[in-house]
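Asker: I'd like to go over a predicted model; first the sequence, then the structure.
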Amino acid sequence: MNTQADDDLQPVLAAASATGLGVSHTRISDDLLARLLLEHYGLRGQLRHIDTEKDDTFRLTASDVTYLVKVSSPHEAWPDIDLQTATMLYLRETAADLPVQLPVPGRDGRFSYRLALDGHAGRVLRVLTFLPGQLLADDDPTPLQVHDIGRMCGRLSLALREFQHPRQDRTVIWDLRWFDRMRPLLRHLTDPRQRALATEVFDRFDAAVVPAMPRLPKQIVHGDFSPYNLLVAPAGPDYVRGVIDFGDVVRTARVFDVAVGMANLLCDDPADPWSKAVAFAGGYLEVRALSEAERALLGVCAQARVVLRILMAGWRAVVDPARRDYLLSHSVKDWTNLELAHAVSEQQIIERIRRIAGRAQRGRS
């Protein structure tokens, strides 16, 4: 046994455990779930399983209404699930115009039910609204549409700026404030070129972001503004039709939320791999300003998020083989996008974002 290697991985394991990312669990059966839905919600209908990162998720078609049903992982803590639910309810009350997924009350008015069943004890049942639209992951948005995505992220950030919750400072492994502690995962990269590239991103993050972190403005954010959590209408006047999955909501540096959105929009265009990411940032900045210090970190933070996704996908595919295909499907193009994006100088990225920030400021005034 490599004791030193095991010790190095302890921060990763601790963060994964706190996030609720345990090993595989037994999926709840359709029959049992149907009984629970009838008991707690008075709902019956057709269930269809949907692959997700850590919980059991189903689409429920009941008469002419569709819902999303979630049964939490046994590794996910109740207070963290309450944070997710409370965030959505807060948005319902304070920003009703935002197209976000919402909890559905049960027969007794509660929005979640802790299970006490053999094999499922401690898990939580919730029913959420099912929003219409196509996953952004299945579309190729235009620059204008990407700008609209950025605006939606900015609107959501503004809506949550005063929200607080007892579990807001929880540990979420996807939160970039823990990125520097994920360096031990580099040992799983066998390609020397890939390992060197990822190491350089860690080094840049340690030099630029870690020292600045205590001074960065913080608030509760969505945490995962990704193509798999955004519903769009390619032919409609309002491109973004829905924001779903508040499973990574956390209080962190607000600039990290923007960087996540940018990371998911880096592309394999050799001429300009940052085109969509910068358009996203422009949309965000049109709604909400970031300081010059925050803007200067967007490029390295976006690359850090890509590295984190690559490392986590590879590691979790080993420790949770039941979800291997789902995990690896989200990082298929990441190495190509990262190599192209990393080849662009940080100063060039900073200058581009500075220019669009100036245009956005004029638009807000």
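Answerer: Sure thing, it's come through. Numbering: from 1, shown residues only.

Asker: ramachandran angles for Arg114?
Answerer: phi -80, psi 130 (degrees, to the nearest 10).

Asker: pLDDT at it, what is it?
Answerer: Per-residue pLDDT puts Arg114 at 95.

Asker: could you do Asp51 as well?
Answerer: Asp51 carries a pLDDT value of 86.

Asker: what number of residues lie near it?
Answerer: Neighbour count for Asp51, taken as other CB atoms under 10 Å: 11. The C-beta positions use only the backbone N, C-alpha and C, and glycine is treated the same way.

Asker: same question, Ser29
Answerer: Ser29, neighbours per other CB under 10 Å, totals 13.

Asker: try Tyr113
Answerer: Neighbour tally, Tyr113, other CB under 10 Å: 18.

Asker: confirm for me that it is in contact with Leu37.
Answerer: No - between Tyr113 and Leu37 there is no contact under CB atoms under 8 Å: 10.1 Å.

Asker: any common contacting residues for those two?
Answerer: Residues touching both Tyr113 and Leu37 (CB atoms under 8 Å, 6 or more residues apart in numbering) are Leu125.

Asker: who are the contact partners of the closest residue to Asn229 other than its chain neighbours?
Answerer: Distances taken as CB to CB, 6 or more residues apart in numbering put Asp245 closest to Asn229, at 4.5 Å, once the chain neighbours are dropped. By CB under 8 Å, 6+ apart, the contact set of Asp245 is 101, 224, 228-229.

Asker: if you rank these by neighbours, which is first?
Answerer: Compared across the contacts of Asp245, Asp224 has the highest neighbour count, 24 neighbours, by other CB under 10 Å.

Asker: if we ignore the residues flanking it in sequence, what's nearest that one?
Answerer: Of all residues not flanking Asp224 in the chain, Asp248 sits nearest, at 4.3 Å (CB to CB, 6+ apart).

Asker: confirm that the one you found sits in a helix.
Answerer: No - counting by DSSP: H, G, I helix; E, B strand; the rest coil, one finds Asp248 to be coil, located in no helix.

Asker: and the pLDDT for it?
Answerer: pLDDT at Asp248 comes out at 96.

Asker: now do the same contact list for it.
Answerer: Asp248 touches 172, 174-175, 222-224, counting by CB under 8 Å, 6+ apart.

Asker: mind running it again at 10 Å?
Answerer: The neighbours of Asp248, taking CB atoms under 10 Å, 6 or more residues apart in numbering as the test, are 19, 53, 80, 84, 172-175, 221-226, 229, 260.

Asker: tell me the buried residues within the residues you listed.
Answerer: Among those, the ones that count as buried by 16 or more other CB atoms under 10 Å are 19, 53, 80, 84, 172-175, 221-226, 229, 260.

Asker: just the closest of the contacts of Asp248 to Asp118, please.
Answerer: Set against Asp118, the nearest of the contacts of Asp248 by CB to CB is Asp80 (23.4 Å).

Asker: give the contact list for that closest one.
Answerer: Counting by CB under 10 Å, 6+ apart, Asp80 touches 18-20, 72, 124, 165, 167, 170-172, 247-250.

Asker: what about Phe58, which SS state?
Answerer: Under three-state DSSP, Phe58 falls in the strand class.

Asker: please name the bridge partners of it.
Answerer: Counting by DSSP bridges, Phe58 is bridged to His49, Val69.

Asker: wait, it sits on Leu32?
Answerer: No - contact between Phe58 and Leu32 fails when scored by CB atoms under 10 Å: they sit 11.8 Å apart.

Asker: can you give me the strands in the stretch 151-300 of the chain?
Answerer: Taking DSSP state E, counting those that start in this stretch as the criterion, the stretch 151-300 of the chain contains strands spanning 218-221, 230-232, 240-243, 250-253.

Asker: go through those strands and name the closest to Gly150.
Answerer: For Gly150, the closest of the strands of the stretch 151-300 of the chain is strand 240-243, at 9.8 Å, according to CB to CB.

Asker: before we move on, back to that, please report how far the residue nearest to Asp224 lies from Glu351.
Answerer: 31 Å (CB to CB, to the nearest Å).

Asker: equivalent analysis for Leu308, please.
Answerer: For Leu308, the distance to Glu351 equals 26 Å [CB to CB].

Asker: so between the two, which is more surrounded?
Answerer: Leu308 (24 against 10).

Asker: which element is the more buried one on?
Answerer: For Leu308, the host element (DSSP states H and E) is helix 298-319.

Asker: for that helix, packing partners?
Answerer: Here helix 298-319 touches helix 10-19, helix 192-208, helix 254-263, helix 275-287, helix 324-329, helix 334-342, helix 346-364, going by 3 or more CB pairs under 10 Å, 6 or more residues apart in numbering; DSSP states H and E.
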